[in-house]
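Visitor: predicted model follows, preceded by the sequence.
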Amino acid sequence: MGNTFNGGGDRLYLSNGGTAVFVDVLILAVSALVEEPWDYRFAALLAWQDQNVMGRGAVGFDLGDIDWGASPEERARNKDFVLRVTDLALNRHRWDELGYDPPYAADYLRRFRALVDAHTPEAGGGRWPGVFPGHEEAARASCARHRVLSALPHWEGCVFCTAG
């Protein structure tokens with residue numbers, strides 16, 4: 001059992017353990033780069049991939065289900081944000097704080113980056129309600145202990161708090 005992330009005509013299938021690592025390293029990066037309201041929505045989408053809350057094998061998303069924005073400029077800016085988040089994670093941002101060695105994380109991130117890079121965000125994305133967090137569900141709360149964005153108040157801690 002595992003989880004699938006789709007986009008750009010391809011997919012990234014990860015085991016449950018691989019998904020946990022993937023989410024951990026992306027949460028560290030997204031928490032460092034958020035600036036705009038859309039960024040906080042994307043951070044919430046990542047926080048929602050917490051299998052300790054959602055269930056093992058019950059997460060994943062399709063890039064086509066993300067509301068990338070109404071204008072071509074918004075869509076380009078938001079896609080660039082996801083690429084910057086992925087690049088920061090690829091640069092091992094805060095990996096020394098993980099408490100474990102993620103030997104396959106760079107491969108997962110490179111594969112995810114290729115999905116995002118190949119994806120062409122279209123107007124009208126986010127067509128499935130509940131897949132991409134709305135403005136009211138944006139990840140604005142920060143875990144003081146781990147210094148990352150969390151899905152509070154939906155559940156009580158960040159992806160690191162719920163892991164153990």
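Guide: Looks like it came in fine.
Visitor: against residue 142, how distant is the most centrally placed residue in the chain?
Guide: Against the mean C-alpha coordinate of the chain, by C-alpha atoms, centre = their mean, the closest residue is residue 46 at 3.1 Å. Distance of residue 46 to residue 142, given as C-beta to C-beta, to the nearest Å: 14 Å. (C-beta placed from N, C-alpha, C; glycine too.)
Visitor: which SS state does residue 13 fall under?
Guide: strand (DSSP: H, G, I helix; E, B strand; the rest coil).
Visitor: next, count neighbours for the nearest residue to it once chain neighbours are set aside.
Guide: Spatial nearest neighbour of residue 13, excluding adjacent residues (C-beta to C-beta, 6 or more residues apart in numbering): residue 4 at 5.1 Å. By other C-beta atoms under 10 Å, the residues close to residue 4 number 14.
Visitor: do the same with residue 79
Guide: With other C-beta under 10 Å as criterion, residue 79 counts 19.
Visitor: distance between the helix or strand the residue nearest to residue 13 falls within and the chain's centre?
Guide: Here residue 4, judged by DSSP states H and E, is contained in strand 2-7. Mean-position distance between strand 2-7 and its chain equals 12 Å (C-alpha atoms, centre = their mean, to the nearest Å).
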